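# What shape does this take:
(2 chains)
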Amino acid sequence: MNIDITPIDCELRQDALVSWLNQPGKRLGLITSIDGSQIVTLLLDTTENTATLWESQLSEHRYSSLTPRITQAHWMERTMWDMFGLEPVNHPRLKHNLLHEPYDEKLCPLNPEGQVSAPDGHRQYHSLEVKGDGIYEIPVGPIHAGIIEPGHFHFSCLGEIIFNLEIRLGYVHRGVEKRLAEMNWQKQRFLVEAAASDSAAAYALAHAVALENIADLAVPEKAQHLRSLALEIERVAMHISDLTGLAADIGFLAISSSLGRLRGASLGMADLVSGNRFFRGFICPGGVIQDPDHRLSKLQAAAKALKKELEPVIKSFLANQVVLDRMEKTGKVSERLARDFGLVGVAGRASNQAYDARHHFAAGVYPLLKPQMAIETNGDVFCRAKIRVVELIESLSFIDMLLETMPAGPISTSIPATLPANAVGLGIVEGHRGELIHLVFTDGHGNCKRYAIKDPSINNWTALAIAARNNLVSDFPLCNKSFSLSYSGHDL
Amino acid sequence: MLRLLGYLLKNGVVTNSDYCPPLGDGVIGLPKLTSDNCVGSECSQCADICPTEAISIGDGTENANLELDLGKCIGCAMCVRVCPEETISNNTNTMTATQNRKDLVLSTADTQENKVINESRTPFARSIACRVVSTGCSACDLELSAASNSIFDMERFGIHVVASPRFADVLLVTGPVPKAMHEALKSCYEAMAEPKKVIAVGTCAISGGLHRGGYAQANGIADLLPVDVYIPGCPPHPWSIIDGIRKVMR
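Numbers count the residues shown, from 1 in each chain, chains lettered A, B, ... in the order given. Now for the predicted structure:
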């Protein structure tokens, strides 16, 4: 995919972006900066399947915030304040997203100046205060009761009803983007996969596509098939894992333990292809690292067996009256909200957002070959569960189809040791959570100067906070599992 | 509901009856050193390709002392792929946890695989309550969850996960513990009653792994808490995790 870079004035950008988003099929991909002296805005056109990059030069460390007009921008502007020290003026809820109080007040990790002067105490975090008779607060985290990544949930409740939920993340901010820009590209893939390992295949694929985009390389057909195979097996494993979580939170243990076992079967499929349960180290720029040819017939049998095994379990799950009672009308996200926040993945498709990156952008065998898209309109927990079920079965059929049509030939092509100078590369992949974007810029010597990652969770976290409103506190775990968002992918 | 019960009965017992069986054909485990001679510093392909600088090669050619630190290794197997002499090969054994950090450092001077385990008695011989604090990419968390599914079923060994540090005997830490988690982790440890143990689950918790040395100070738990058992791997296999937890139960 060719990416045009268009210079645009920072102030004019607002109107242009609003009118862009008013057109059908046009999306906002990512807003970030390269080194703090400009803002880059990635625009996606899902009707033409193209991407455009706007570059707006900044003369100071301030700019007027887009958030009052474009809701989706709010999280990205907060992150830019953290990482570059760029202050969005008139942002309605400006708080730090990734850098907490223990960090030096002047630190801006991705700004080459290293630090930007800022008012004292700007790292202090204050949750939205809800006042009124009978309002009480439940703080949860950062350490959760189960085996889950860390994050802080601040509930303001009235009786058993959640009035407001504020989600604070950043606890697993490890400095991944800065480290990636310091490494040579040959070793980047290992860190990319470890950024959010439940999406290791999606991350590795987005990384590979972005670098191949920079190097302007075509990857052998067989590698494309194997990459899609990995991505779909990962989707199957994680969709089963999320359904397991839903069943466990409802207390339907016969289903959750059966699904837990079947997730093991899907991890076994990953082992057959890559030798690793999470596809770590399998997809690399230029192709894939090993040819699982002699194990593919075993894999085909395993995929067929898994599909057959899953069907009765899922049928029992979705036919249960208690399950329906807990999931229907719980955690609703309206279509309008989904559009305003640019929801992606399962959560978006459950609220009638017909967007699946596999249908639009080149990665693996997509969009030439692609599974059917599942759409629901009610936007509740049940819709999100149903979409997972449909995608799961569809992915298993798609895996079978990929195996049937597996081409012969090489599994990789070599990439020149030095990447082209002053180039930009883009990788967009539909992981199991939705649209994942990797945007890579090289400097005058062909070294990576900026590696930006947009995890699908970044679009969806606020929607979870809003979906939980007016629901029972005891239904929050269901809302949370039905979104299944990544902390580490968000925090990086 | 009857149909579901029938389904469950038909499946019977699915729990693996072997303890820590070797990894299957083609599955990548951690690397191990063999007695095959290392070519030495002339080669150094393994050290060059390692993404976490886990490998160092001593001077000399014949019998050069190669050291591989499993506490830094992410199991990418690139060293196994490039080694011309099979000095480094794939280890299908999952019993890789150790009680001393230095035992994770393999050396061609001593290729013995399993070190002697400290056999002193602990109060947790029959059962142990684990508190899990996750501070990383979720891979170790997923494998920990898998360790309690019906295939691995770690509860049959007396290992269960509890929801508060107050009930816990052992603290399992996953991830490199970046700066924003330092305080939370320490207060969780302080809230546990004595006697208590700490297990570093995975390479990030042991050394910071790929994240070591950055501004987020995600360097693992060694500087924050006393560690009793180290479980290497990125992520460790569920069997490695179960075996590692059992090492504080002996």
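
# contacts, neighbours, all on C-alpha from now
Noted.

# State the number of residues packed around residue A:104.
Counted by other C-alpha atoms under 10 Å in any protein chain shown, the residues lying close to residue A:104 total 11.

# Provide the secondary structure category for it.
Judged by DSSP: H, G, I helix; E, B strand; the rest coil, the three-state class of residue A:104 is coil.

# need the contact list for residue A:8.
Going by C-alpha atoms under 8 Å, 6 or more residues apart in numbering or on different chains, residue A:8 touches A:54, A:55, A:56, A:57.

# Turn those into a markdown table, columns for distance to residue A:85.
Converted to a markdown table, the contacts of residue A:8 look like this (distance: C-alpha to C-alpha, whole Å):
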| residue | distance to residue A:85 |
| --- | --- |
| A:54 | 20 |
| A:55 | 18 |
| A:56 | 16 |
| A:57 | 15 |
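
# If we only consider the residues you listed, which is nearest to residue B:48?
Nearest to residue B:48 out of these is residue A:55 (C-alpha to C-alpha; 37.7 Å).

# Output stretch A:328-345 as CSV - backbone C-alpha positions only.
Extracted C-alpha coordinates of stretch A:328-345, given in CSV (Å, rounded to 0.1, in the frame of the first residue of the first chain):
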residue,chain,number,x,y,z
GLU,A,328,-29.0,-9.8,26.9
LYS,A,329,-29.3,-6.0,27.3
THR,A,330,-26.2,-5.9,29.6
GLY,A,331,-23.4,-3.5,28.8
LYS,A,332,-25.0,-1.9,25.8
VAL,A,333,-23.0,0.3,23.4
SER,A,334,-25.2,2.3,21.0
GLU,A,335,-24.3,2.5,17.3
ARG,A,336,-23.7,6.2,17.6
LEU,A,337,-21.3,5.8,20.4
ALA,A,338,-19.5,3.1,18.5
ARG,A,339,-19.1,5.4,15.6
ASP,A,340,-17.9,8.4,17.7
PHE,A,341,-15.3,6.3,19.5
GLY,A,342,-14.3,4.5,16.3
LEU,A,343,-14.8,1.1,17.9
VAL,A,344,-13.0,-1.7,16.3
GLY,A,345,-13.1,-5.5,16.3
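
# Let me know the distance separating the closest residue to residue A:476 other than its chain neighbours from chain B.
The shortest distance from residue A:476 to any non-neighbouring residue, by C-alpha to C-alpha, 6 or more residues apart in numbering or on different chains, is to residue A:468 (6.2 Å). Per C-alpha to the nearest C-alpha, to the nearest Å, residue A:468 is found 23 Å from chain B.

# contacting residues for residue A:468?
A:162, A:164, A:165, A:331, A:332, A:476, A:479.

# Present those as JSON lines; the columns should include secondary structure and neighbour count.
Below are the contacts of residue A:468 laid out as JSON lines (DSSP: H, G, I helix; E, B strand; the rest coil; neighbours: other C-alpha atoms under 10 Å in any protein chain shown):
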{"residue": "A:162", "secondary structure": "strand", "neighbour count": "23"}
{"residue": "A:164", "secondary structure": "strand", "neighbour count": "22"}
{"residue": "A:165", "secondary structure": "strand", "neighbour count": "24"}
{"residue": "A:331", "secondary structure": "coil", "neighbour count": "28"}
{"residue": "A:332", "secondary structure": "coil", "neighbour count": "26"}
{"residue": "A:476", "secondary structure": "helix", "neighbour count": "21"}
{"residue": "A:479", "secondary structure": "helix", "neighbour count": "24"}
